[in-house]
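J.: Only the shape, not the letters, is given here:
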């Protein structure tokens, strides 16, 4: 009986994993994004072309949106359309996406380094610099430390 139960459990788990991709949708249409996400793209990346939008629907969580632009930039949005992460690879993140106090601190402490990624977290911001350094700030933009990226 235990063996039969274990076999059924394994089959259910594998069927669930196989169907997990059903919850993901891929598109190129900006219209599938929430209005706030479309507005952000229009304001900070007006000329950029969309390479792919992944609409990630979770069973227990709400929907997330991952946008990849043709130039390699990736932007993640939450279910309300607010950006949570912007990674411009080697290009500089648009100035308006980073708090002025953080930009000023980066220019003073890390001369010559550009901000190439920013991630919003509940505890603050993680800023990726062009020299590979990861810098942490709190929600008010106060410097909390640096960590070399792995």
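T.: Perfect, I can see it now. Predicted, not measured: the structure shown is a model, and the values here were computed from it.
J.: Show me the shaky parts of the protein.
T.: Applying pLDDT under 70 to the chain flags the ranges 1-2, 4-23, 61, 148-150.
J.: and residue 51, how many residues sit next to it?
T.: Residues contacting residue 51 under the criterion other C-beta atoms under 10 Å number 14. C-beta coordinates here come from the backbone N, C-alpha and C atoms, glycine included.
J.: Adjacent strands (with direction) for the host helix or strand of it?
T.: Secondary structure assignment for residue 51, by DSSP states H and E: strand 50-56. Strands that pair with strand 50-56, judged by DSSP bridges, come out as strand 24-27 (antiparallel), strand 64-69 (antiparallel).
J.: Pull out the buried positions in it.
T.: Going by neighbour count (16 or more other C-beta atoms under 10 Å), the buried part of strand 50-56 is 50, 53, 55.
J.: from those residues, which single one is nearest residue 64?
T.: residue 55 (8.0 Å; C-beta to C-beta).
J.: how close does that closest one get to residue 122?
T.: Applying C-beta to C-beta, to the nearest Å, the value for residue 55 to residue 122 is 23 Å.
J.: re earlier: looking at the strands paired with strand 50-56, which is buried most?
T.: Comparing the strands paired with strand 50-56 by mean neighbour count (mean count of other C-beta atoms under 10 Å), strand 64-69 comes out on top with a mean of 18.
J.: So which residues make contact with that strand?
T.: Strand 64-69 is contacted from outside by 33-34, 37, 41, 45, 48-56, 58, 74-79, 81, using C-beta atoms under 8 Å, 6 or more residues apart in numbering.
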